[in-house]
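Colleague: Give me a model of this one.
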Amino acid sequence: MILEVLNDDGTINYHDSQSIPLDPHNKKLTYIGSTSKEKNALDILKAYRNDSKIVLYDQSNEMIQKKINALDEREFLGQDFSMMFFTSGSMGHPVGALKTKQNLESEIKVFSKLIESYTIKKVIVTVPFVHIYGTLMGLLYPLFNDIDIVLKEHFLPHNLLELIDENCLVVTTPLYIKALNSLSENKDLSRCLFVSSTAPLDKNIANEFTHKYNTNTMQLFGSTETGGIAYKFNDEELWSPFQKVELSVNNEQELKVQSPFVSTLLYENGFIDIAGVMQTFDYVEFEQEQFKLIGRSSKIFKIAGKRYSTVQIEQILEEVEEISKALVFVKNNTNSLKGETLDISLETQKDFTSKEIIYILKQQLSNLKFVIDLHLLEHIPTNQIGKKLLLS
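Modeller: Next up, the predicted model:
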């Protein structure tokens, strides 16, 4: 596998994975923070080949950095794992998910079998490697299939489009899909596959992308703790579970996941053994072997007995020209007659009122009554993979 790194000055750095040195005595705890994609890729490959225990983390997340500083290395050296990834921490304190080589490689084998008909010859990576999605799809998938990788620290949409040729896998996010839709250029990408994760891909954006470039987008649904759960293509509504993934629901219709990809251990204030079974907070509705994803319980609210997703609210608001980003959460006011309240933060230069925002939402959610707490911000931060973060 050749790692091809495009530099801003037009030069290219080449690295052969086979030239990475092996050191059988280098089985230690290795910290890999978010630096450049090139350095992260090389550091991960070296540590992985040498069976080091790898802790990957986003250095820009202060909560994760504090947790890293407080780690007891002796505790971790005694655990069976290959890589530990952190949740984003956007909903609270970050949790580390410990992955064995079996967890990681089982998922890569299933994913490889699923897309083998595309005969992938090159993988283009727009996402960072310190998150599980970037490592699995952007680094380990090409490594195990001996496929060359192309990456750049910061891809501009038109640069990315120029690089894509036949039998490419593009590992990316909804932000890039949306940006490619906005280009005036066009190109037949029917022999390529785009893999998108980290956030929901709007159905209309997915449909526009499919028709504009005559290509396919595979959306992945999963989490740091569970690994991949399910997938769907283009603007499909129903998700199909990955092979080897067993799904069920609890009494609240929240999804429970058991698979070889799920972590055995989690790390919060100490180690938690979940034995490869994860109860999520995702509401789902099964339709035979597939399911419809309603949303997370922390991102679901009820009006007149019907569930709505805050992701849907965010998408409606972000279609408004003056709103760059929207971040919506549900607050349960147990001591108030208001009940559930929508906490809405907007990245905007316009001085919106709560009344105006409610009016915008009611145009698409029907004339239903709900209460909002509105916050107007100059900037809503995002992490390296584009997830919007809750301000502390």
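
Colleague: Which helix or which strand is home to residue 38?
Modeller: Counting by DSSP states H and E, the element that carries residue 38 is helix 37-49.

Colleague: tell me which strands and helices that helix is in contact with?
Modeller: strand 2-6, strand 12-16, strand 29-33, strand 53-57, strand 148-152 (3 or more Cβ pairs under 8 Å, 6 or more residues apart in numbering; DSSP states H and E). Bear in mind the C-beta positions are built from the backbone N, C-alpha and C, glycine included.

Colleague: and the second one, what does it pack onto?
Modeller: What that stands for is strand 12-16. strand 2-6, helix 37-49.

Colleague: can you check the last one too?
Modeller: Packed against strand 148-152 by the contact rule (3+ Cβ pairs under 8 Å, 6+ apart) you find strand 2-6, helix 37-49, strand 122-125.

Colleague: how far out from the middle of the chain is it?
Modeller: 19 Å (Cα atoms, centre = their mean, to the nearest Å).

Colleague: can you offset everything so residue one is 191?
Modeller: Sure, I'll start numbering at 191, so the last one becomes strand 338-342.

Colleague: ok, back up a step: pick the most deeply packed of the helices and strands packed on helix 227-239.
Modeller: Comparing the helices and strands packed on helix 227-239 by mean neighbour count (mean count of other Cβ atoms under 10 Å), strand 243-247 comes out on top with a mean of 23.

Colleague: Pairing partners for that one, with directions?
Modeller: Note on strand 243-247: by DSSP bridges, its sheet partners are strand 219-223 (parallel), strand 273-276 (parallel).

Colleague: Could you export those as JSON lines, including mean pLDDT?
Modeller: Listed next are those as JSON lines, based on pLDDT from 0 to 100:
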{"stretch": "strand 219-223", "mean pLDDT": "91"}
{"stretch": "strand 273-276", "mean pLDDT": "94"}
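
Colleague: Same list as before, those that is, but in a markdown table and with distance to residue 508 included.
Modeller: Putting the strands paired with strand 243-247 into a markdown table (distance: least, Cβ to Cβ, whole Å) gives the following:
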| stretch | distance to residue 508 |
| --- | --- |
| strand 219-223 | 31 |
| strand 273-276 | 27 |
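
Colleague: What about residue 448? Give its phi and psi, please.
Modeller: phi -130, psi 120 (degrees, to the nearest 10).

Colleague: distance of it from residue 343?
Modeller: 38 Å (Cβ to Cβ, to the nearest Å).

Colleague: More neighbours: which of these two?
Modeller: Applying other Cβ atoms under 10 Å to residue 448 and residue 343 shows that residue 448 carries more neighbours, namely 16 against 12.

Colleague: quick one, helices of this structure?
Modeller: 227-239, 252-259, 263-267, 291-304, 322-325, 331-335, 347-353, 364-371, 393-403, 500-508, 544-555 (DSSP state H).

Colleague: average model confidence for the second one?
Modeller: Meaning helix 252-259. For helix 252-259, mean pLDDT is 82.

Colleague: got the CA coordinates for it in PDB?
Modeller: Extracted C-alpha coordinates of helix 252-259, given in PDB (Å, rounded to 0.1, in the frame of the first residue of the first chain):
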ATOM      1  CA  GLU A 252     -10.200  20.200  26.100                       C
ATOM      2  CA  MET A 253     -12.300  17.700  27.900                       C
ATOM      3  CA  ILE A 254     -10.500  14.800  26.100                       C
ATOM      4  CA  GLN A 255      -7.100  16.400  26.700                       C
ATOM      5  CA  LYS A 256      -7.800  16.600  30.400                       C
ATOM      6  CA  LYS A 257      -8.800  12.900  30.500                       C
ATOM      7  CA  ILE A 258      -5.600  12.000  28.600                       C
ATOM      8  CA  ASN A 259      -3.500  13.800  31.100                       C
END
